[in-house]
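S.K.: Structure for the following, please:
(chains A and B)
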Number of protein chains: 2
Amino acid sequence: MGLAEDIIHGDARAAAKLISLIEDDAPEAAVALDGLAGHVGAAAVIGVTGAPGTGKSTLVDALTAHYRSADQMVGVLAIDPSSERTGGALLGDRVRMQRHAADPGVFIRSLATRGWEGGLAGAVAGALRVLDALGRNIILIETVGAGQVEVDIAAVADTTLVVLNPGSGDDIQTLKAGILEAADILVVNKADRDGAERLQADLEAMTALKDDAWTTPVVMTEAVNGRGVPELAAAIVRHHAHLTASGELAVRRRSRLKIELLTAAEKAWRAAGTRLAGSSFLEDLLDRVSGGDLPPRQAAAELLQRLAGELGPDHPERR
Amino acid sequence: MGLAEDIIHGDARAAAKLISLIEDDAPEAAVALDGLAGHVGAAAVIGVTGAPGTGKSTLVDALTAHYRSADQMVGVLAIDPSSERTGGALLGDRVRMQRHAADPGVFIRSLATRGWEGGLAGAVAGALRVLDALGRNIILIETVGAGQVEVDIAAVADTTLVVLNPGSGDDIQTLKAGILEAADILVVNKADRDGAERLQADLEAMTALKDDAWTTPVVMTEAVNGRGVPELAAAIVRHHAHLTASGELAVRRRSRLKIELLTAAEKAWRAAGTRLAGSSFLEDLLDRVSGGDLPPRQAAAELLQRLAGELGPDHPERR
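M.R.: Model (predicted):
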C-alpha cells in the first residue's frame, strides 16, 4: 500500500513519515497529501498560543488527558519555528508529555519549520491534513515561541486559545498586539495565583467590547493539577458548535485551504528564483545592462518573462 | 524636461521627488530610473553600520564635513526600515546634520522602507542610482537600527564601515554575527574612552585571521570632534583603490544590479499574488477543492499557471 492508504488505515508510523517528507519539502509529500483528499475534515483543530512560560505545554498535556478519558483520538503538533529539521522527533518530544508516550491514542509530533520556504502555515496545514486523515478527531497545535507564529497558527486552527497568567504584567500588552482578534477563548492559567480574578475581570471587560456573534469566554485553569480543564473543554465544544451553526467553520476551513495553495505557489516561485540565480541567462542579462546595451526596466521585464516560463506546468525541472 | 533630465542636470528637488516615487513604489519611478542609465557609476558608495548609540550619525556628519572641505559633492541616505513612508523628509532629517542643512553640496534624505515589498536593498539601490546621477561623488548610507538591515546595506555599498565603541561589551559578539564578513573597515569610535586600544588590538587580531587580499583596517575616531576622520577617509580611498585594481568594484556593482533586478521581479510577483487573492478564479478553485472535484496538488498547479500568466509581459494590469 502507499503512504496515503496506510495513513487512512490508521498507521501512525506512516503519518510520521509523511510529516517528515513535508518538513523536508520532498516531492512525494504532495502526491501523498493528494491521496488523503476525501478523508479529511472530521478533526477539530485547536491552536494553543501564548507567551513563553504561561504553561501552554502543561495545558496541552492536561487537555490530552481529558480527551483520552473520553476515548477521543488525539494528535498534538508542537511548532518550533526556530529549530532545524531533524528528520523526525525532536528531543523535546521525548521530554514533553511522557505520560502519553505509551498511549497509541495520542500522536505527538514536533514540526521544525526553520528554513521552510513560503511560510510556516503551509507546513502546518499539511501536517494537519495528515493527522486528520489518521483519524485524530482532536488536534492540538502548540506553538513554541511567540509573535507572528501565533497569528499564523490562528489562521489554520478552528479554535484558538490564548493562554495568560495572573501577575505577569504583560498580559494586556500581549492582547493588544493583535492577539485578541485571534483569540476564540482566553485561558487564565495558574489561576491559583494572586490577581487571577482581577485579570479575568479585565479580560471580560475587554472582550465585552467586541461586537461579534461569539463572545470570547475567559476560562480559569490550573493545568498542573487539571482544575478548570473540563470547563475549558466545554467552552471548546461550545465554540465548535457556534462555528458549525454560523457557517464560520466552512469559512475557516476554506481559508486554511487557501493558505495551502498560496504556499505551494510561493514555494514554486522560490525554486524558480533559485534556479535562475545561478544561470547563464541572468549573467547575460547583467552583462548587457552593465555594458549599457539594455535599460534596467527592460532587463527586469525579460527576467520576469523567463521566471513566468519557469513556473509553467511543463517545465522539466518542476516537481 | 522630464524628471531624469532634471536630475542629470543637478536638480536636487527632482532627485527628492524621484526618491519619494521609489518609496511609494510608483510606476513612474521605473521609467525615470531608466532615464538615468549611462549617468551612473561615478559615485563611491559608503555604508555606515553598527549598533544603536555607537555614533553612526555623528560619524556621517563628520565625514560629510571632511568631504565638503575638499569640495566633494555629498549625498546622505538614512535608512529606517521601521518607519512609515511620509512622502518626504522625516522629522529626523531636520534634527540631524543641521550644520549641513543650508549647504547645496550636501543632499540628505531619509528612506522610509517599512512595507516596501520585495526587500529593502532594492529601494536603496534605486535611491543610490538617483544620487549618483545627481552628481554626488560621495554617497554615505547610514542605517538606523541593526541586524539584517546592515547585511542588506553591505550588499549595495562599495565600502562598508562597521562602527564599534570601547567598553560596550557586545562588540565582539556583534562582529561574530556575520558582520565581520561585511566590514571593509572597522571603526572604533569614541576612542577617547577606556579600553579603546585593547578593542583595537582584539579587532586587529581577528581581522588578521581573514585570508583575503584586503586586510580590514581598524581606525580610531572621535567623531564628535573630528579626530581620526581624515585617517578614516584615507582608509576609504585605499579601499576604493583596492576594489578598482582587483576588479572587485565591478563585481560589487554587478551584485547591486542583480539585487535591483531580482527585487523588481519579486515586486511583480507580489502584485500578481495580491490581484489573484481577491479574484473569482481563486474562489472557483477553492470551491472545486472543497467540493472534492479537484485534488489540492492539481489546484496548486492551476494556480501557478495562472500566476505565471499574470507575470507575462503583455498583461494589461502590469506596469
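S.K.: And chain B, is stretch A:22-41 touching that?
M.R.: Yes: residues of stretch A:22-41 contacting chain B under C-beta under 8 Å from any C-beta of the partner chain: A:30-31, A:33-34, A:37-38. C-beta here means a position set from N, CA and C on the backbone, and glycine is covered the same way.
S.K.: I'd like these laid out as TSV, including pLDDT and neighbour count.
M.R.: Converted to TSV, the residues of stretch A:22-41 next to chain B look like this (pLDDT from 0 to 100; neighbours: other C-beta atoms under 10 Å in any protein chain shown):
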residue	pLDDT	neighbour count
A:Ala30	84	20
A:Val31	87	16
A:Leu33	90	27
A:Asp34	87	16
A:Ala37	83	18
A:Gly38	83	10
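S.K.: Widest-spaced pair of those?
M.R.: Greatest spatial distance in the residues of stretch A:22-41 next to chain B: A:Ala30 and A:Gly38, 16.1 Å, computed using C-beta to C-beta.
S.K.: circling back: of the residues of stretch A:22-41 next to chain B, which belong to helices?
M.R.: Among those, the members found in helices (DSSP state H) are A:30-31, A:33-34.
S.K.: what secondary structure does A:Val76 sit in?
M.R.: strand (DSSP: H, G, I helix; E, B strand; the rest coil).
S.K.: Which strand residues bridge it?
M.R.: A:Ile108, A:Leu140 (DSSP bridges).
S.K.: State the distance from it to A:Leu63.
M.R.: Separation of A:Val76 from A:Leu63 (C-beta to C-beta, to the nearest Å): 9 Å.
S.K.: Overlap in contacts, those two.
M.R.: A:Leu140 (C-beta atoms under 8 Å, 6 or more residues apart in numbering or on different chains).
S.K.: Please tell me I have it right and A:Leu261 contacts B:Leu303.
M.R.: Yes: counting by C-beta atoms under 8 Å, A:Leu261 does reach B:Leu303; the two are 5.4 Å apart.
S.K.: what is in contact with the two at once?
M.R.: B:282, B:285.
S.K.: okay, the nearest residue to A:Ile259 once chain neighbours are set aside: pLDDT?
M.R.: Once flanking residues are discounted, A:Ile259 sits nearest to A:Ala121: 4.9 Å by C-beta to C-beta, 6 or more residues apart in numbering or on different chains. A:Ala121 is assigned 70 on the pLDDT scale.
S.K.: what's near enough to touch A:Ala121?
M.R.: Counted by C-beta under 8 Å, 6+ apart, A:Ala121 has contacts A:152-153, A:155-156, A:259, A:263.
S.K.: at 6 Å what do you get?
M.R.: A:152, A:155-156, A:259 (C-beta atoms under 6 Å, 6 or more residues apart in numbering or on different chains).
S.K.: Adding pLDDT and neighbour count, write those residues out as JSON lines.
M.R.: Output for the contacts of A:Ala121, formatted as JSON lines (pLDDT from 0 to 100; neighbours: other C-beta under 10 Å):
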{"residue": "A:Asp152", "pLDDT": "72", "neighbour count": "23"}
{"residue": "A:Ala155", "pLDDT": "82", "neighbour count": "20"}
{"residue": "A:Val156", "pLDDT": "88", "neighbour count": "25"}
{"residue": "A:Ile259", "pLDDT": "83", "neighbour count": "19"}
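S.K.: Compile those into a markdown table and extend it with columns for distance to B:Asp194 and secondary structure.
M.R.: Below are these laid out as a markdown table (distance: C-beta to C-beta, whole Å; DSSP: H, G, I helix; E, B strand; the rest coil):
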| residue | distance to B:Asp194 | secondary structure |
| --- | --- | --- |
| A:Asp152 | 47 | helix |
| A:Ala155 | 52 | helix |
| A:Val156 | 54 | helix |
| A:Ile259 | 54 | helix |
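S.K.: Looking at those residues, spot the one nearest A:Trp214.
M.R.: A:Ala155 (17.0 Å).
S.K.: three-state assignment of the nearest residue to A:Met220 once chain neighbours are set aside?
M.R.: Nearest residue to A:Met220, sequence neighbours excluded (C-beta to C-beta, 6+ apart): A:Ala191, at 3.9 Å. What three-state DSSP gives for A:Ala191 is coil.
S.K.: doesn't A:Thr58 fall inside a strand?
M.R.: No: A:Thr58: not assigned to a strand; according to three-state DSSP it is helix.
S.K.: which residues does it contact?
M.R.: A:223-224.
S.K.: what about the closest residue to chain B within the stretch 1-150 of chain A, distance to A:Ile8?
M.R.: In the stretch 1-150 of chain A, the residue that lies nearest chain B is A:Asp34 (4.3 Å; C-beta to the nearest C-beta). Note on A:Asp34: its distance to A:Ile8, by C-beta to C-beta, is 13 Å.
S.K.: what does A:Arg129 give?
M.R.: 12 Å.
S.K.: Please identify the buried residues of stretch A:304-313?
M.R.: A:304-308, A:310-311 (16 or more other C-beta atoms under 10 Å in any protein chain shown).
S.K.: would you turn those residues into a markdown table with pLDDT and secondary structure?
M.R.: Formatted as a markdown table, the buried residues of stretch A:304-313 follow (pLDDT from 0 to 100; DSSP: H, G, I helix; E, B strand; the rest coil):
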| residue | pLDDT | secondary structure |
| --- | --- | --- |
| A:Leu304 | 87 | helix |
| A:Gln305 | 87 | helix |
| A:Arg306 | 88 | helix |
| A:Leu307 | 87 | helix |
| A:Ala308 | 85 | helix |
| A:Glu310 | 82 | helix |
| A:Leu311 | 80 | helix |
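S.K.: Against A:Lys56, how distant is A:Glu181?
M.R.: 19 Å.
S.K.: These two: which has the busier surroundings?
M.R.: For A:Glu181 versus A:Lys56, neighbours defined as other C-beta atoms under 10 Å in any protein chain shown are more numerous around A:Lys56 (24 against 12).
S.K.: Let me know the secondary structure of the residue nearest to A:Ile259.
M.R.: Looking at A:Ala121 with three-state DSSP, the answer is helix.
S.K.: What segments of the stretch 101-250 of chain A are helices?
M.R.: Taking DSSP state H, counting those that start in this stretch, the helices of the stretch 101-250 of chain A run over residues A:120-133, A:148-156, A:171-174, A:180-182, A:196-208, A:229-246, A:248-277.
S.K.: chain center to the fourth one: distance?
M.R.: Relative to the chain's own centre, helix A:180-182 is displaced by 16 Å; criterion: C-alpha atoms, centre = their mean, to the nearest Å.
S.K.: Show me which residues of chain A sit near chain B.
M.R.: A:30, A:34, A:37-38, A:254, A:257-258, A:261, A:264-265, A:268-269, A:286, A:289, A:292, A:295, A:297, A:299-301, A:303-305, A:307-308, A:311-313 (C-beta under 6 Å from any C-beta of the partner chain).
S.K.: what about the stretch 201-319 of chain A, any weak spots by pLDDT?
M.R.: The model of the stretch 201-319 of chain A has pLDDT under 70 over residues A:312-319.
S.K.: thinking again about what came up before, which of the residues of stretch A:22-41 next to chain B sits closest to B:Glu142?
M.R.: Once C-beta to C-beta is applied, the member of the residues of stretch A:22-41 next to chain B that ends up nearest B:Glu142 is A:Ala30, at 45.8 Å.
S.K.: Can you classify the closest residue to the closest one other than its chain neighbours by secondary structure?
M.R.: Nearest non-adjacent residue to A:Ala30, counting by C-beta to C-beta, 6+ apart: B:Arg297, 4.8 Å away. At B:Arg297 the chain is in helix, as set by three-state DSSP.
S.K.: quick one: B:Arg297 from A:Leu131, how far?
M.R.: On the measure of C-beta to C-beta, B:Arg297 and A:Leu131 end up 19 Å apart.
S.K.: More neighbours: which of these two?
M.R.: Neighbour totals were compared for B:Arg297 and A:Leu131, and A:Leu131 leads with 28 against 18 (other C-beta under 10 Å).
S.K.: list the contacts for that one?
M.R.: Applying C-beta under 6 Å, 6+ apart, the residues contacting A:Leu131 are A:75, A:139.
S.K.: residues in contact with A:Val156?
M.R.: A:121, A:124-125, A:256.
S.K.: Go through stretch A:209-222 and flag the buried ones.
M.R.: A:216-222.
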